[in-house]
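In: with the sequence up front, the predicted model follows.
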Amino acid sequence: MASACCSAWRPASCHYHWPRGNLAQARAIGCFTPDAYIDFYWVSSSEALHSQNIARRPDISIVVFDSRVPIGAAEAVYMSARAEEIADSDLELCAEIYSGRLPEARGFGPEQLRAPALLRLYRATVAEHSILIRGGDPDHGRGVDSRMTLTLTR
């Protein structure tokens with residue numbers, strides 16, 4: 001379920017916020033590329049508020065879900081991660097990962113992601129995954145919605 005939810009990048013929403021932070025700082029990433037469901041890549045302006053927040057506080061939380069499903073049918077993956085702007089020394093490899101995993105997504109070459117260009121490549125490396133367990137789940141439900149922590153390996 002976690003991989004299916006994270007793979008469906010087009011209809012999914014990826015929201016992240018800073019632990020112990022202001023929920024008003026929550027942001028949505030429209031398109032991200034998963035790599036083994038441990039690393040998530042996205043492109044953004046380094047001047048965007050969320051990029052500046054990551055530079056100051058790289059520990060983030062992420063939730064990926066399909067916002068098109070009816071109420072009560074949601075599936076979600078919650079993640080604790082550390083985010084960073086990709087350093088120039090790693091940009092070629094990481095830009096290839098970002099552009100190559102989802103061929104239908106817009107690709108970027110390294111030259112489009114370093115100064116003086118306006119966009120940068122970012123990565124969130126996940127430390128913990130958990131999934132939404134519906135209260136009525138026949139195997140794991142407890143009457144109320146909850147989360148189950150998962151262990152994913154590369």
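Out: Looks like it came in fine.
In: what about the strands in this protein?
Out: Along the chain, counting by DSSP state E, strands occupy 12-17, 27-29, 33-35, 39-45, 59-66, 76-85, 119-133, 146-150.
In: name the strands paired with the fourth one and say parallel or antiparallel.
Out: By that I understand strand 39-45. Using DSSP bridges, the strands paired with strand 39-45 are strand 33-35 (antiparallel), strand 119-133 (antiparallel).
In: what's the closest of these to residue 61?
Out: Closest approach to residue 61 among the strands paired with strand 39-45 is made by strand 119-133 (9.6 Å; Cβ to Cβ). The way it works is simple: take the backbone N, C-alpha and C, and place the C-beta from them, glycine included.
In: buried set for the closest one?
Out: 120, 121, 122, 123, 124, 126, 129, 130, 131, 132, 133 (16 or more other Cβ atoms under 10 Å).
In: so which of the strands paired with strand 39-45 is nearest residue 52?
Out: strand 119-133 (11.5 Å).
In: name the helices or strands packed onto the lengthiest helix in the chain?
Out: Assignment by DSSP state H gives helix 91-101 as the longest helix of the chain. Where contact means 3 or more Cβ pairs under 8 Å, 6 or more residues apart in numbering; DSSP states H and E, helix 91-101 is packed against strand 33-35, strand 39-45, strand 119-133.
In: CA atoms of stretch 73-91 as CSV?
Out: Taking Å, rounded to 0.1, in the frame of the first residue of the first chain, the C-alpha atoms of stretch 73-91 are listed here in CSV:
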residue,chain,number,x,y,z
ALA,A,73,-11.8,5.5,1.6
ALA,A,74,-8.5,7.3,2.1
GLU,A,75,-5.1,5.7,2.0
ALA,A,76,-2.1,7.6,3.2
VAL,A,77,1.6,7.2,3.9
TYR,A,78,3.2,9.3,6.7
MET,A,79,6.9,9.9,6.8
SER,A,80,9.5,11.5,9.0
ALA,A,81,12.4,12.8,6.8
ARG,A,82,15.3,15.1,6.5
ALA,A,83,15.3,17.4,3.5
GLU,A,84,18.1,19.1,1.7
GLU,A,85,19.0,21.0,-1.4
ILE,A,86,21.2,18.8,-3.6
ALA,A,87,24.8,19.9,-3.6
ASP,A,88,26.4,20.7,-7.0
SER,A,89,28.7,17.7,-6.5
ASP,A,90,25.7,15.3,-6.5
LEU,A,91,23.5,17.2,-8.9
